[in-house]
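J.: Give the three-dimensional model of this entry:
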Amino acid sequence: MSLINKDEKRYWWKLEIFLKSGEKIEGYDKNEFDSSIDVAKKYLSGDDTSFIMLGDRPLTKSIIVRIGEISAMTISVG
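T.: Numbering: from 1, shown residues only. Prediction:
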């Protein structure tokens, strides 16, 4: 599976989220952003009670996280 589909200009992003509890969650998103800063703005723009939603790698399930529970996040091309 290609990380970048040049025809669509959509990119796979891998997000590793570390919760305040110490648990690590890994999720993916496919979007048009070409910088990790833009991806971070998309996912961290809400208040502490807002939720974000990611997918697993085959995009068969949804991973939902409350922004207020996030202590750290890494973003890389997935």
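
J.: quick one: low-confidence parts of the protein?
T.: Where the chain drops to pLDDT under 70, the residues are 1-8.

J.: Regarding it, what is its longest strand?
T.: strand 10-19 (DSSP state E).

J.: What segments of the chain are strands?
T.: Under DSSP E, the chain gives strands at 4-5, 10-19, 24-31, 51-55, 62-66, 70-77.

J.: So which of those is the most surrounded?
T.: strand 10-19 (a mean of 18; mean count of other CB atoms under 10 Å). (Glycine included, C-beta is placed from N, CA and C.)

J.: now that strand, how far from the chain's geometric center?
T.: 4 Å (CA atoms, centre = their mean, to the nearest Å).

J.: residues contacting the residue sitting nearest the centre point of the chain?
T.: Centroid-nearest residue in the chain, with CA atoms, centre = their mean: L15, separated by 4.2 Å. Contact partners of L15, counting by CB atoms under 8 Å, 6 or more residues apart in numbering, are E26, G27, Y28, D29, V39, Y43, L54, M73, T74, I75.

J.: how deep is the closest residue to K9 other than its chain neighbours tucked in, by neighbour count?
T.: Excluding its sequence neighbours, the residue lying closest to K9 (CB to CB, 6 or more residues apart in numbering) is E32, at 5.9 Å. By other CB atoms under 10 Å, 9 other residues sit near E32.
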